[in-house]
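Colleague: Sharing a model prediction with you, sequence too.
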Amino acid sequence: MSAELIDGKAFAAGLRARVAQQVPAFAAATGRAPGLAVVLVGEDPASAVYVRSKGKMTCEAGMESFEHRLSAETSQEELIALVDQLNADPAVDGILVQLPLPGHLDSEAVLLRIDPDKDVDGFHPFNAGRLATGLPGFVPCTPLGCLMLLEDRLGDLTGLDAVVIGRSNIVGKPMAALLTAKSCTVTLTHSRTRNLPHYLAHADIVVAAVGRADFVKGEWLKPGATVIDVGINRVDGALRGDVDFAGAASVAGAITPVPGGVGPMTIACLLRNTLVAAHRREGVALDEDSI
Ligand SMILES: Nc1nc2c(c(=O)[nH]1)N[C@@H](CN(C=O)c1ccc(C(=O)N[C@@H](CCC(=O)O)C(=O)O)cc1)CN2
Ligand SMILES: [Mg+2]
């Protein structure tokens, strides 16, 4: 292995500490802590772990956590009613509905119901549109975390060639928009792209979010590339990324591990977005770029 390891776990811990540092001043100005409501529907084991972590880290940052656990049989109307209640609650600055939802529920309609000013996941089409047009809004946590790791490693990204693999609304598309806003030359590829190695051969930055274990091979990479692996694939009880780590690590300049790379950044960025939402809602000044 010659690549440098990008320690997302350590970076995320630093980000959570910077968020926590800002909470007392907000509380002094408003008489309350920032509040995050997380909604879990059903018993998906991975989702339950993520929701527990979100609650724990929200409290550790000095913020208020409101957890809503609903049965797998919850109806669309009941879920929408809860979102309406959270939209109207002044103690709630951020609302997150844990995905995936059980199959009988309409995720798009639920996300559309969240007040865009409380949409700390950045999944509402209003915030997606703001990101696409370069206006301030909320950026989805996973691609925001990837961008922070990239800027920490590479500094100014201007002019770099970036290839994003995966076109989901949650990672691939917002990632491409963020890198475009940072003046990268971005190619958005996906599982159906013909001749992916052709595009990767020129990429200074690779973000893999395709959802297939070991999909990206080391020999496809440009030597020295910075590789961000968003994949969390469970194979025979172990976690695997979307990148063949051993092969890629002998070619890349730097790479995120799985676990311990992008994953921890997702929750840290959620806390960051909640802090930002609270300040914006209360009209309290915050230097958002310093966090
Ligand atoms: N409403 C949302 N739903 C989902 C999101 C999201 O951002 N908003 N993202 C994922 C799940 N997720 C957070 O919700 C998440 C995934 C992974 C991690 C993480 O820390 N992963 C660890 C490994 C953990 C493990 O062993 O499973 C790592 O990569 O090191 C945190 C949060 C889908 N749903
Ligand atoms: Mg995510």
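Modeller: Sure thing, it's come through. Ligands and ions are numbered 1, 2, ... in the order given.
Colleague: can you pull the contacts of the nearest residue to V23 once chain neighbours are set aside?
Modeller: Nearest in space to V23, with sequence neighbours left out and distances taken as Cβ to Cβ, 6 or more residues apart in numbering, is G62 at 3.9 Å. (Each C-beta comes from the backbone N, C-alpha and C, glycine too.) Residues near G62 by Cβ atoms under 8 Å, 6 or more residues apart in numbering: A20, V23, P24, A27, A33.
Colleague: got it, and M175?
Modeller: P143, C146, L147, V164, V207, A209.
Colleague: circling back: where neighbours are concerned, which of the contacts of G62 has the most?
Modeller: A33 (20 neighbours; other Cβ atoms under 10 Å).
Colleague: which SSE is that residue in?
Modeller: Using DSSP states H and E, A33 falls within no helix or strand.
Colleague: so it makes contact with A61?
Modeller: No - taking contacts as Cβ atoms under 8 Å, A33 lies outside contact range of A61: 9.0 Å.
Colleague: Overlap in contacts, those two.
Modeller: Common neighbours of A33 and A61 (criterion: Cβ under 8 Å, 6+ apart): V23.
Colleague: Tell me how far the residue of the stretch 151-291 of the chain found nearest ligand 2 lies from ligand 1.
Modeller: Proximity of the stretch 151-291 of the chain to ligand 2 (Cβ to the ion) peaks at T266, 4.8 Å away. Using Cβ to the nearest ligand atom, to the nearest Å, we find T266 at a distance of 4 Å from ligand 1.
Colleague: Over to Q85?
Modeller: 18 Å.
Colleague: Tell me how many other residues surround that residue.
Modeller: Counted with other Cβ under 10 Å, Q85 comes out at 12.
Colleague: Using CSV, write out every CA atom in the helix or strand hosting it.
Modeller: Assigned by DSSP H and E, Q85 belongs to helix 76-88. Taking C-alpha atoms only, helix 76-88 is exported to CSV below (Å, rounded to 0.1, in the frame of the first residue of the first chain):
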residue,chain,number,x,y,z
GLN,A,76,-48.6,7.4,5.3
GLU,A,77,-51.1,9.7,7.0
GLU,A,78,-49.7,9.0,10.4
LEU,A,79,-46.1,9.7,9.2
ILE,A,80,-47.2,12.9,7.5
ALA,A,81,-49.0,14.0,10.6
LEU,A,82,-45.8,13.6,12.7
VAL,A,83,-43.8,15.6,10.1
ASP,A,84,-46.4,18.4,10.3
GLN,A,85,-46.2,18.3,14.1
LEU,A,86,-42.3,18.6,13.9
ASN,A,87,-42.6,21.4,11.3
ALA,A,88,-44.7,23.4,13.8
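Colleague: Could you list the buried residues of it?
Modeller: By neighbour count on 16 or more other Cβ atoms under 10 Å, the buried set for helix 76-88 is L79, I80, L82, V83, L86.
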